[in-house]
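1. Next come a sequence and a model predicted from it.
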Amino acid sequence: MLEKNILLTGKPGTGKTTAIRIVVDQLNPVSTAGFWSREIRVGGQRIGFAIETLSGKIGTLAHVNLEHGPKVSKYRVNINDIDSIIVPELEMARTSGRFIIIDEIAKMELFSENFEVEVRKCLETKRVIGTIQQRTHPFLNEIRSRSDVQLIELTTENRNLVPTQVLRILKV
């Protein structure tokens with residue numbers, strides 16, 4: 001078990017998801033569960049964000065063509081996929097004793113109350129390896145200020161060193 005949960009933060013595009021993927025690739029696959037998000041692009045244009053669990057489930061976090069859901073910029077958030085794909089994956093990770101991969105704790109995911117509740121439960125395990133948006137938000141501020149969270153800021157200068165730093169903390 002970790003002494004603290006590890007959360008990477010940084011500006012968009014600094015490589016937070018890439019760093020998490022590098023860490024997960026170095027861990028035993030049966031010791032991890034959780035999710036990451038990725039951009040959905042068509043013709044070079046970002047049109048949304050996909051959810052992909054480590055167990056292989058895929059969904060939509062947000063998309064320009066969704067008709068319903070809270071709006072963030074030009075995207076509509078798919079709360080149903082957050083609640084039916086991400087939340088059960090995090091619960092499974094938490095109850096099975098695995099490292100819990102959360103990419104990311106951010107504005108879109110926070111439209112789901114179930115997500116917030118499950119993230120709090122996951123953090124109690126001290127097995128979370130994840131990313132958190134830098135923006136100011138009551139829930140994000142609360143998570144960042146927890147005594148059981150080690151925050152590591154990713155920059156373009158240190159992004160290649162951070163995965164090794166995280167693996168050292170994990171003693172892998």
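-> It's in. Numbers count the residues shown, from 1 in each chain.
2. check contacts around residue 144.
-> 7, 9, 132, 151 (Cβ atoms under 8 Å, 6 or more residues apart in numbering). Heads up, the C-betas are built off the backbone N, CA and C, glycines and all.
3. Apply 6 Å and report the result again.
-> Neighbour list for residue 144: residue 151 [criterion: Cβ atoms under 6 Å, 6 or more residues apart in numbering].
4. What ranges does the chain have for its helices?
-> Per DSSP state H, the chain carries helices over the ranges 16-26, 79-81, 87-96, 113-124, 138-144, 162-170.
5. Can you list the neighbours in contact with the shortest one?
-> Applying Cβ under 6 Å, 6+ apart, the set of residues contacting helix 79-81 from outside is 51, 59, 60, 69, 111, 112.
6. Output these in JSON lines; the columns should cover pLDDT, distance to residue 39 and neighbour count.
-> Converted to JSON lines, those look like this (pLDDT from 0 to 100; distance: Cβ to Cβ, whole Å; neighbours: other Cβ atoms under 10 Å):
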{"residue": "51", "pLDDT": "97", "distance to residue 39": "12", "neighbour count": "22"}
{"residue": "59", "pLDDT": "98", "distance to residue 39": "14", "neighbour count": "17"}
{"residue": "60", "pLDDT": "98", "distance to residue 39": "12", "neighbour count": "21"}
{"residue": "69", "pLDDT": "96", "distance to residue 39": "18", "neighbour count": "19"}
{"residue": "111", "pLDDT": "97", "distance to residue 39": "19", "neighbour count": "17"}
{"residue": "112", "pLDDT": "98", "distance to residue 39": "20", "neighbour count": "21"}
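7. Show me those that map onto strands.
-> 51, 59, 60 (DSSP state E).
8. possible to save the residues you listed as TSV with distance to residue 97?
-> Formatted as TSV, these follow (distance: Cβ to Cβ, whole Å):
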residue	distance to residue 97
51	23
59	25
60	29
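9. Alright, calling it a day.
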